[in-house]
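> any chance you could fold what I've pasted below:
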Amino acid sequence: MTPGPRNLLTDIAGLRVGHAQDATLKSGTTVLTADAPFLAAVHVMGGAPGTRETDLLAPDKSVEDVDAIVLSGGSAFGLDAATGVTEALRKVRRGFPVGPVRVPIVPAAIIFDLLNGGNKDWQASPYPALGAAAHDAAGTEFALGSVGAGTGALAAMCKGGLGSASARMPSGATVGALAVVNPMGSVTVPGGAHFWAAPFEQDGEFGGLGPSAQTGLGTPEPSRKLVAMSLGTPEGANTTIAIVATDVTLTKAQAHRVAVAAHDGIARAIVPAHSPGDGDLVFAVSTRARPATPGDLQMLGHAASLCLARAIARGVYHATPAPGDLLPAYRDLPG
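Down below sits the predicted model:
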């Protein structure tokens, strides 16, 4: 499997991604939308998720399609970003038809970035406006690193960020991932700058440093993040949220299975993962542009997990320093 031409989620035709952020707030929002409604499912493996409208994505629920998915900073406040996206979609008459009314379906998930050094003393929530702006900015090209929902993200030892990656399967099907990296765990091995995801890197996409030569790795270093946020416990102060997508036609049950398998990408790129203090969540999306083959269905989850591991590393690799940061960017780590 090789990356698509952009090495972004938008290598899947019809999908668009937009960002909006506030440097003073040190937070932002990222929106996935599309030329037409798309099928979506979700799976949660972290112990502290923050979500909106995810119940309707279960295979037994009647709604098949959604109009957008929102990933946002801001913890519970950031769920308001979906309100801004819903209003933007309403203006263009997108949504689930109920008689003469159309109701936009916009699931959302958030990360905790309230203690990252940004000014959170707002009088009115900034997130509806950030959501609307991210929707309006959506296109096939988008930035990685300290942008959108990844603006204020922090990993254990350095800044987090927003990353994306894609892959072309042997059948010609395309798979992609988009990740907001804000975990309790570390994306790099103890004592160095080697990414846990290094074995899955394509074409030097996150520095080409390769895997670490160390063995016996498994005990995390003391978290710089907890110290910087003056927290004695990581409960509820983290989360990696992601979207994996394909052009292969899937049912909701099949998409849910892809979301389950894609969580392996989080565990391959972050150590430890899926903790009680993380809200790790993966949406799975199908544009239904290609018929499914038996080979595709067997390999989609694996391909999605590899794309997600790579997207996580790319998000951290592309993070940039900014005034008031609590942690260094990856580029400033020793070694």
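> any low-confidence regions in the stretch 101-250 of the chain?
Along the stretch 101-250 of the chain, the parts satisfying pLDDT under 70 run over 231-236.
> same thing but at 90, please
The stretch 101-250 of the chain contains residues with pLDDT under 90 at 101, 191-192, 212-239.
> so which residues of it form strands?
101-103, 108-110, 161-168, 174-182, 239-248 (DSSP state E, counting those that start in this stretch).
> make a markdown table out of those strands and add distance to P294.
(C-beta placed from N, C-alpha, C; glycine too.) Shown next, in a markdown table, are those (distance: least, C-beta to C-beta, whole Å):
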| stretch | distance to P294 |
| --- | --- |
| strand 101-103 | 36 |
| strand 108-110 | 31 |
| strand 161-168 | 18 |
| strand 174-182 | 16 |
| strand 239-248 | 11 |
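> now render these as a markdown table, adding mean neighbour count and distance to G78.
Formatted as a markdown table, the strands of the stretch 101-250 of the chain follow (neighbours: other C-beta atoms under 10 Å; distance: least, C-beta to C-beta, whole Å):
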| stretch | mean neighbour count | distance to G78 |
| --- | --- | --- |
| strand 101-103 | 13 | 22 |
| strand 108-110 | 30 | 4 |
| strand 161-168 | 29 | 14 |
| strand 174-182 | 31 | 11 |
| strand 239-248 | 29 | 11 |
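> so what's the residue count around the closest residue to H19 other than its chain neighbours?
Leaving out its chain neighbours, the residue that sits closest to H19 by C-beta to C-beta, 6 or more residues apart in numbering is G148, at 3.2 Å. G148 has 30 neighbours, counted by other C-beta atoms under 10 Å.
> then the one 3 residues further on?
Under the neighbour criterion other C-beta under 10 Å, T151 is assigned a count of 31.
> ok, it touching T24?
No - in this structure, T151 is not within contact of T24 by C-beta atoms under 8 Å, at 10.6 Å.
> now do the shared contacts for the two.
Counting by C-beta atoms under 8 Å, 6 or more residues apart in numbering, T151 and T24 have no common neighbour.
> buried sites along the longest helix along the chain?
In terms of residue count, the longest helix belonging to the chain (DSSP state H) is helix 294-317. Under the neighbour-count criterion of 16 or more other C-beta atoms under 10 Å, helix 294-317 has 296, 299-317 buried.
> V244 and F77, how far apart?
V244 is 26 Å from F77, where distance means C-beta to C-beta, to the nearest Å.
> hmm, back to that, and the gap between the residue nearest to H19 and T30?
Using C-beta to C-beta, G148 is found at 4 Å from T30.
> now do the shared contacts for the two.
In contact with both G148 and T30: G18, H19, L71, A134, L162, V180, using C-beta under 8 Å, 6+ apart.
> wait, what's in contact with the last one?
Okay, so that is V180. Neighbour list for V180: 30, 71, 73, 111, 148-150, 153, 160-162, 239-242, 315 [criterion: C-beta under 8 Å, 6+ apart].
> please redo it, this time with the cut-off set to 7 Å
Going by C-beta atoms under 7 Å, 6 or more residues apart in numbering, V180 touches T30, L71, I111, A149, G150, A153, L162, T240, I241.
> leaving out chain neighbours, which residue sits closest to it?
V180 sits nearest to A149 (C-beta to C-beta, 6+ apart), 4.4 Å away.
> got a list of what R52 touches?
L79, A82, P107, A108.
> which of these lies closest to A13?
Relative to A13, the closest of the contacts of R52 is P107; by C-beta to C-beta it sits at 21.7 Å.
> surely the closest one meets D67?
No - contact criterion C-beta atoms under 7 Å: P107 and D67 do not qualify, at 9.7 Å.
> looking at these two, which one has more neighbours?
Using other C-beta under 10 Å as the criterion, P107 and D67 rank with D67 on top: 26 against 21.
> pretty sure the more buried one is in a strand, no?
Yes - applying DSSP: H, G, I helix; E, B strand; the rest coil, one finds D67 inside a strand.
> close enough to count as contact, it and P37?
Yes - with contacts counted by C-beta under 7 Å, D67 reaches P37, the gap being 5.6 Å.
> ok, back up a step: what is the longest helix of the chain packed up against?
Contacts defined by 3 or more C-beta pairs under 7 Å, 6 or more residues apart in numbering; DSSP states H and E place helix 294-317 against strand 161-168, strand 174-182, strand 239-248, helix 252-269.
> continuing past the last one, what's the next helix or strand?
Same thing as helix 252-269. Following helix 252-269 in sequence order, the next helix or strand is strand 281-290 (DSSP states H and E).
> check contacts around H318.
H318 touches L144, G145, G161, G163, counting by C-beta under 7 Å, 6+ apart.
> okay, the contacts of V180 in JSON lines with distance to D332 next?
Below are those laid out as JSON lines (distance: C-beta to C-beta, whole Å):
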{"residue": "T30", "distance to D332": "24"}
{"residue": "L71", "distance to D332": "25"}
{"residue": "I111", "distance to D332": "22"}
{"residue": "A149", "distance to D332": "22"}
{"residue": "G150", "distance to D332": "17"}
{"residue": "A153", "distance to D332": "16"}
{"residue": "L162", "distance to D332": "18"}
{"residue": "T240", "distance to D332": "22"}
{"residue": "I241", "distance to D332": "25"}
